[in-house]
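Asker: Model the structure of this input:
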Amino acid sequence: MNQPKAGRPRSEQAREAVLHAVDDMLLEVGYAAMTMKAIAERAGVGRQTVYRWWSTKAEILFEASVADAEEELAVPPADDPRAEVTAYLDALVVFLTRSPAGAAYRALLAAAEHDPAVKALVASRDVLGDSARAVLDRVSTASDQAVARLVGPPFFWVMSGRDPAALDTAALAGDFLDG
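Answerer: Here you go, the predicted model:
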């Protein structure tokens, strides 16, 4: 017989409210200005509720980012590998430049440079690599090097402040598949 878990069950409604609140606050006030108290207030839940499920704002932001990234970076299979890889690269660029989840991911990467706990959190789940592997498993070989070759160029392009509209994802897809 299964023993019930101690404490109250996690309310999916409260969880969703917290995840939406952290996304909104990131865009409005930025990562550094967010606090657990403000997240709880914005979500309309008590601080105890937030702390019961997450220890830090980084954990909340990471959970929100991962869940959204899985959805936003999922590319349906295509008959043409170039079309599928191009679609993935287009989704990746949109994720990194226009998505609240992408903004959260970028904020966490920046925080990871100075905070070992955030660095470990980000390293615990390869958000971009997992999505790239799903595509590569269908069109090529999904080795770590292949993932880096696929994700690296658009990631570097975006993170170095270049205009994402000037990035030719179809050419990148062709270079990847031809290389």
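Asker: Roughly how far does P164 sit from G102?
Answerer: The gap separating P164 from G102 is 11 Å, by CB to CB, to the nearest Å. Every residue, glycine included, has its C-beta placed from N, CA and C.
Asker: which one of these two has more residues nearby?
Answerer: Neighbours per residue, other CB atoms under 10 Å: of P164 and G102, the larger number sits with G102, 23 against 15.
Asker: and the residue nearest to the more buried one when sequence neighbours are not counted, what does it touch?
Answerer: Taking CB to CB, 6 or more residues apart in numbering, and ignoring the residues beside it in sequence, G102 has F95 as its nearest neighbour in space, at 4.2 Å. With CB atoms under 8 Å, 6 or more residues apart in numbering as the criterion, the residues that contact F95 are A69, E72, L73, A101, G102, Y105.
Asker: Tabulate the CA atom coordinates of the helix or strand harbouring F95 in CSV.
Answerer: Assigned by DSSP states H and E, F95 belongs to helix 81-98. The C-alpha coordinates for helix 81-98 follow below in CSV (Å, rounded to 0.1, in the frame of the first residue of the first chain):
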residue,chain,number,x,y,z
PRO,A,81,15.9,16.8,-43.6
ARG,A,82,16.9,20.3,-44.6
ALA,A,83,13.4,21.6,-44.1
GLU,A,84,13.3,19.9,-40.6
VAL,A,85,16.6,21.2,-39.5
THR,A,86,15.8,24.7,-40.9
ALA,A,87,12.5,24.6,-39.0
TYR,A,88,14.4,23.7,-35.8
LEU,A,89,16.9,26.5,-36.3
ASP,A,90,14.1,29.0,-36.9
ALA,A,91,12.3,27.8,-33.7
LEU,A,92,15.6,28.1,-31.8
VAL,A,93,16.2,31.7,-33.0
VAL,A,94,12.6,32.7,-32.1
PHE,A,95,13.1,31.0,-28.7
LEU,A,96,16.3,32.9,-28.0
THR,A,97,15.1,36.3,-29.2
ARG,A,98,11.3,36.6,-28.8
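Asker: Buried residues, that helix. List them.
Answerer: Under the neighbour-count criterion of 16 or more other CB atoms under 10 Å, helix 81-98 has 81, 84-93, 95-97 buried.
Asker: just stretch 164-175 next, same as before
Answerer: For stretch 164-175, by 16+ other CB under 10 Å, it's L167, T169, L172, A173.
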